[in-house]
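Novice: What follows is a predicted protein model with its sequence.
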Amino acid sequence: MASDLPTHDHTDEDKQILHSMGYAQELFRGMRTFQNFAISFSIICILAGGINSFGQGLSSVGGASIGIGWPLMTGVSLLFALAMGHIGSAYPTAGGLYHWGSILGGRAVGWITAWCNLVGLIAVLAAVNAGAYQFIVSSLGPVIGLNVDALQPKDPTAFSIGIQTVAVILITLSQGLFNHLGIRLTSKLTDFSGYLIFFTAVALTVALVAYAPHIDVSRLWTFKNYSGDPGGGVWPKTGNMTYLFLLGLLLPAFTITGFDASAHTAEETVGAARAIPKGMIHSVLWSGVFGWVMLIAIVLAAPNMDKAAGQGSNGFSWIMGEVVPSPARIALFALIGLSQYLCGLATVTSASRMVYAFARDGGLPWSSRLKQVNAKYRTPVSAIWMVSILAIAFTIYTPVYTTLAAVSAIFIYISYCLPVGAGLFVYRRSWTKMGPFNLRGWYPVIAAVCIVGCIALTYIGVQPPNEKALYVIIGSVVAAPIFWFGLERRRFAGPPVGDLIAKRQTEIARAEEAVGE
């Protein structure tokens, strides 16, 4: 559409908004509305979380986890996207969540939001890349002659963990390199990723339905206890079906995350105040719809639900092996693996922009280095490589995919909830400036539901066998006030406000000249 093109008038307006908030246009602003949507859609990637976490859903209460649980959690995610779109339309800056939290809730809320978002995004990247490796080995390994039993034993060994670590290092470093080379290249890859996800999800759905031995739609609302051994040990044995159903919500909760990428790339998007809410809302909506249809097809295609659930985390691969002929199965596996790789690449983009924005206000160690933008590629190269290295380190700390997924979902949604909650308390009080996308009187209602949803998700995410997620949460709760009151409260100034914005104009001009803006 013509309105999506990066016209001179739009870029001037975007730059003026950025200047009014005290920031320079250092990053290259060339992303269109579709590209802003595509980066969030690529990070959500129903072919990554939806498939790699499939066992977390199926091995809880069976088909009802997909038929009922998926749309339920998707609805909660959509409410977050609406509330965040409302805020992002008013404050379209890179690292949006941190900036929103600071403006609406004060420096402390912004600082905590930034750290939660950073930990969540690092965990997302680690989980995506570890999941991609595990998926490729389990699905394509037998085709190319790999010893899958040695690479993915039931109880991880030093050998299997070592090989996975090396593979994740290579995957992550290559994603960092693509990001280093500029947003033009990255945007082309995420554009391609968006189309690839749509095509592969549709092809997978058609293949599963076409080759399904029989169709029993009642599976989608049938509850059955697959905890313990009947579910391949994914969840500990329990007789509490409500609790088990809640655990299954981690499947959609982890999958539909990362849509804040539309806000993180705001300073690279033309017409950001309008594109940000569109990107977040549409990426959640279409991921929810296509993901639900795809997962329904997987459930309906299973020759036997008990046997499928008994495979645990390998349930999807088992169903594919039983139903879809080998040539089509291999082709679909290859497309899914590529989609998962591009999901990680888009996550590096999002996380590095968050680091850049936080460092620009002095919020991180070595901020002077991390906020630098390469004049040739117009990308925050130091931030890109810091994100890549931290994701690798996180994978070494806990190579278990389910724990990585739980940590990422918890911290991401906490970082979503903090600015949304802060906005609830100051809405139409100190916060009176709204953007083109305005929920009006619905914002307080939606924000309140988001807060309840975040509390519930945090509880679910720290349950066994994800105790390490609980340790990370406890450590963060203890460390945050110590660092804030002991150091950061006096040191960290937060985003520029008042007279400081006017004083920065000369500095802004120099920064833009340095990168050729």
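Specialist: Noted; the coordinates are in hand. Numbers count the residues shown, from 1 in each chain.

Novice: drop to CA atoms for contacts and neighbour counts, all remaining ones
Specialist: Noted.

Novice: just checking, what packs against the helix or strand hosting G85?
Specialist: Taking DSSP states H and E as the definition, G85 sits inside helix 70-90. Here helix 70-90 touches helix 96-105, helix 250-255, helix 272-301, helix 401-426, helix 442-461, going by 3 or more CA pairs under 8 Å, 6 or more residues apart in numbering; DSSP states H and E.

Novice: so which of those helices comes closest to G232?
Specialist: Counting by CA to CA, G232 lies closest to helix 401-426 out of the helices and strands packed on helix 70-90; the figure is 13.6 Å.

Novice: what about that closest one, distance to the chain center?
Specialist: The chain centroid and the centroid of helix 401-426 are separated by 11 Å under CA atoms, centre = their mean, to the nearest Å.

Novice: Tell me which other helices or strands it touches.
Specialist: Looks like helix 401-426 contacts helix 70-90, helix 96-105, helix 107-140, helix 250-255, helix 442-461, helix 467-483 (3+ CA pairs under 8 Å, 6+ apart).

Novice: Nearest to K188 among the helices and strands packed on helix 70-90 would be which one?
Specialist: Across the helices and strands packed on helix 70-90, closest to K188 is helix 272-301 (CA to CA), at 16.3 Å.

Novice: Next SSE downstream of the closest one?
Specialist: Using DSSP H and E, the helix or strand that follows helix 272-301 towards the C-terminus is helix 305-310.

Novice: Can you tell me which helices and strands that following helix packs against?
Specialist: helix 54-61, helix 315-323.

Novice: Would you mind putting the ones you listed into CSV with distance to S102, mean pLDDT and mean neighbour count alongside?
Specialist: Putting these into CSV (distance: least, CA to CA, whole Å; pLDDT from 0 to 100; neighbours: other CA atoms under 10 Å) gives the following:
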stretch, distance to S102, mean pLDDT, mean neighbour count
helix 54-61, 35, 94, 30
helix 315-323, 42, 93, 21
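
Novice: Let me have those helices in a markdown table, extended by distance to P495.
Specialist: Conversion of those to a markdown table gives the following (distance: least, CA to CA, whole Å):
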| stretch | distance to P495 |
| --- | --- |
| helix 54-61 | 40 |
| helix 315-323 | 46 |
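
Novice: Tell me which of the ones you listed sits nearest to V270.
Specialist: It is, among the helices and strands packed on helix 305-310 and with distance given as CA to CA, helix 54-61, at 36.4 Å.

Novice: how big is the angle separating that closest one from helix 315-323?
Specialist: When axes from the mean of the first three to the mean of the last three CA atoms, to 10 degrees is applied, the directions of helix 54-61 and helix 315-323 differ by 90 degrees.

Novice: Residues in contact with the helix or strand following helix 54-61: which ones?
Specialist: Using DSSP H and E, the helix or strand that directly follows helix 54-61 along the chain is helix 64. Residues outside helix 64 that contact it (CA atoms under 8 Å, 6 or more residues apart in numbering) are 219-223.

Novice: Would you map the helices across the stretch 101-250 of the chain?
Specialist: Listed in chain order, the helices of the stretch 101-250 of the chain (DSSP state H, counting those that start in this stretch) span 107-140, 148-151, 158-180, 183-211, 241-248, 250-255.

Novice: Check which helices and strands the last one sits against.
Specialist: Using 3+ CA pairs under 8 Å, 6+ apart as the contact definition, the elements that helix 250-255 packs against are helix 50-52, helix 54-61, helix 70-90, helix 401-426, helix 442-461.

Novice: of these, which approaches E267 most closely?
Specialist: helix 70-90 (11.7 Å).

Novice: May I see the buried residues of that closest one?
Specialist: Judged by neighbour count (16 or more other CA atoms under 10 Å), helix 70-90 contains these buried residues: 70-71, 73-74, 76-90.

Novice: Please state the offset of that helix from the chain centre?
Specialist: Counting by CA atoms, centre = their mean, helix 70-90 comes out at 13 Å from the chain centroid.

Novice: ok, now stretch 278-288?
Specialist: 12 Å.

Novice: Name the residues of it that are buried.
Specialist: 278-285, 287-288.

Novice: If you average pLDDT over each of the helices of the stretch 101-250 of the chain, which is lowest?
Specialist: Ranked by mean pLDDT, the helices of the stretch 101-250 of the chain bottom out at helix 148-151, with a mean of 85.

Novice: which other helices and strands contact it?
Specialist: With contacts taken as 3+ CA pairs under 8 Å, 6+ apart, helix 148-151 sits against helix 107-140, helix 158-180.

Novice: List of residues touching that helix?
Specialist: For helix 148-151, the surrounding residues in contact (CA under 8 Å, 6+ apart) are 137-138, 141-142, 159-160, 163-164.

Novice: Go through those and say which is closest to K503.
Specialist: Nearest member of the contacts of helix 148-151 to K503, counting by CA to CA, is Q164, at 50.2 Å.

Novice: show me the contacts for the closest one.
Specialist: Q164 touches 130, 133-134, 151, counting by CA under 8 Å, 6+ apart.

Novice: wait, which of those is closest to T265?
Specialist: Closest approach between the contacts of Q164 and T265, by CA to CA: A130, at 24.7 Å.

Novice: Any figure for the gap between that closest one and T402?
Specialist: According to CA to CA, to the nearest Å, A130 stands 10 Å off from T402.

Novice: For H86, see how far away the closest residue to I46 other than its chain neighbours is.
Specialist: Spatial nearest neighbour of I46, chain neighbours left out: G291 (5.5 Å); criterion: CA to CA, 6 or more residues apart in numbering. Distance, G291 to H86, using CA to CA: 25 Å.

Novice: And A127, by the same measure?
Specialist: Spatial separation of A127 from H86 under the definition CA to CA is 29 Å.

Novice: And for A126, the neighbour number?
Specialist: Burial of A126 is recorded as 31 neighbouring residues (other CA atoms under 10 Å).

Novice: how about the nearest residue to T349, chain neighbours excluded?
Specialist: N179 is the one closest to T349 (CA to CA, 6+ apart), at 6.4 Å.

Novice: need the contact list for the one you found.
Specialist: 185-186, 345, 348-349, 379, 384 are the contacts of N179 under CA under 8 Å, 6+ apart.

Novice: so where's the chain uncertain?
Specialist: 1-11, 398-400 (pLDDT under 70).

Novice: Please name every helix or strand in contact with the helix or strand encompassing L338.
Specialist: Applying DSSP H and E as the criterion places L338 in helix 326-360. Helix 326-360 is packed against helix 33-44, helix 96-105, helix 107-140, helix 158-180, helix 183-211, helix 261-264, helix 367-370, helix 381-397, with contacts defined by 3+ CA pairs under 8 Å, 6+ apart.

Novice: Swap in 7 Å and give it another go.
Specialist: Helix 326-360 is packed against helix 33-44, helix 107-140, helix 158-180, helix 183-211, helix 261-264, helix 367-370, helix 381-397, with contacts defined by 3 or more CA pairs under 7 Å, 6 or more residues apart in numbering; DSSP states H and E.

Novice: Buried ones in that helix, by neighbour count?
Specialist: Of the residues in helix 326-360, 329-330, 332-360 count as buried by neighbour count, 16+ other CA under 10 Å.
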